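Enquirer: please work out how this folds:
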Amino acid sequence: MNWIRANKFLSGFIAVMVVAVGALGYLLYSAYSNYSDVSDQFTQTANDLHQLQSRVPYPDDANLAKYRAQRDDLIDATHTLAANLAQMVLPVEDITPSAFQDRLRDTISSLTAKATKSGVKLPEHFALDFDQYQTQPPLPAAAGPLGRQLAAIEIAMNILLDEHVSEVTSLTRTHLSQESSSGGGTNPPGGGGGFRPRGGGNASGPGALVEKVPFEIRFTAAQNAFATVLNDIAASKKQFFISRTLVIENTAPKPVPKVAPDASAGAAPATTGTDASGTGASTTPSYLSFLVGAEKVRAAMRVDMVAFNPPDKATRKGAAPAR
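Expert: Numbering: from 1, shown residues only. Model prediction:
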C-alpha cells in the first residue's frame, strides 16, 4: 500500500491498462462470435446458390413458364379423365320421397317377375335391402341418392338374372349418410352362409372427388355363369363398378367317389351299347357320373358403386408453384 501511495500515477496507469485489456478481450470474443455466425450464414447461402445453379432445368423464367405449361396440361388431362369417368356414373335425380317409393315398388316387381321367368330363386320378401322404405318414405335429402343406389343395384341384379344364376341368397346394401339425421352411414350384417366378404362398408363422404357405396351380394351359379357375371359387372357401361372382395365356395366340397356304392353287386357288365332285344337302348351303368364339371359355386361379392366428382376446371390457373 505504501508503494501505491508513493507511485499514484503508475498505479493508476496499471489499473487503467488492466481494465482496457479486459474490455479488449471482450470485444475480441464478441467479434469472433459474430464472425462465426456470419461465416456459417455465408456458407449456407453459397450452398443454396450452388444448388440452384446446378439444378436441371435451371430455375429461370423460361423454364418456369415451361413448368407451368406442363402443370396446366396435366390438370387438363386429369379433368378430361374425370369427365369421361363421370359419364359412366348414374346421376342423382331430384325426386320426392313418394316418387322413390313408387320406383322401388316398380323395380322390385320387375326383378321378381324376371327372376320367375328366368328360373332364379330369390329370398322371400326380397326388397333389395330397402325393406324399411316399402312402408315409410325416406328423408327428402336421401330420396335422390337412394334412387341412384337403387338403379345401380338394379343393374347388378339384371346381370345376374340375364345369366340365369341358380339362386340369389341375399343382398346387403350400405346405408347412406343422408338416410339419418345424424349423417352416419352403416353397413348392416348380411344373411346366413358360412362366408362373408371382408373390408369396411361405410360409404365415402358425399361431395368427395371419388365416392364409393358398397353393397354385398351372395348367389349360387354354374361356373361359366359366375365368370360371365363377374366380367359383366366389371364391364358395365351404365355404372362404374369395382369388385372389391370375392369369396367363392364349391357346392360340392367333397370329391365324387371313384367307386359307386354297391357297384360290384348291382351293376350289369358293360355291353356294346344295345340290349338283347335289339331296341338300341343304352346299357351304360346308371351309377356312372361325372367326376368334375357338374358343381356350382356359391359366391359372395363386395361391389363398390363408384361415383366421380370432377373438380372445377376454372381453378386450373390457381396458385403458382413454390419457387
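Enquirer: switch to C-alpha atoms for all contacts and neighbour counts from now on
Expert: Will do.
Enquirer: residue 58 looks like it's in a strand, true?
Expert: No - assessed with DSSP: H, G, I helix; E, B strand; the rest coil, residue 58 is coil; it does not lie in a strand.
Enquirer: so where does the closest residue to it other than its chain neighbours fall, helix or strand?
Expert: Closest residue to residue 58 apart from its sequence neighbours, by C-alpha to C-alpha, 6 or more residues apart in numbering: residue 52 at 7.1 Å. Secondary structure from DSSP states H and E places residue 52 in helix 8-54.
Enquirer: could you list every helix and strand that the helix or strand that that helix is followed by packs against?
Expert: Per DSSP H and E, the first helix or strand lying C-terminal to helix 8-54 is helix 61-86. Contacts defined by 3 or more C-alpha pairs under 8 Å, 6 or more residues apart in numbering; DSSP states H and E place helix 61-86 against strand 296-308.
Enquirer: pLDDT averaged over the strand it packs on, what's the number?
Expert: The average pLDDT within strand 296-308 is 91.
Enquirer: just want the angle from it to helix 61-86.
Expert: With axes from the mean of the first three to the mean of the last three C-alpha atoms, to 10 degrees applied, the angle from strand 296-308 to helix 61-86 works out at 130 degrees.
Enquirer: could you export strand 296-308 as CSV, CA atoms only?
Expert: The C-alpha coordinates for strand 296-308 follow below in CSV (Å, rounded to 0.1, in the frame of the first residue of the first chain):
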residue,chain,number,x,y,z
LYS,A,296,-71.8,-75.0,-58.9
VAL,A,297,-70.2,-72.2,-56.9
ARG,A,298,-71.5,-70.1,-54.1
ALA,A,299,-70.1,-66.6,-54.4
ALA,A,300,-70.1,-63.6,-52.1
MET,A,301,-69.2,-60.4,-53.7
ARG,A,302,-68.5,-56.9,-52.3
VAL,A,303,-69.0,-54.5,-55.1
ASP,A,304,-68.3,-50.8,-54.9
MET,A,305,-70.7,-48.4,-56.7
VAL,A,306,-68.2,-45.6,-57.6
ALA,A,307,-69.1,-42.0,-58.4
PHE,A,308,-66.7,-39.4,-59.7
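Enquirer: tell me the strands beside it, with direction?
Expert: strand 210-222 (antiparallel), strand 241-250 (antiparallel) (DSSP bridges).
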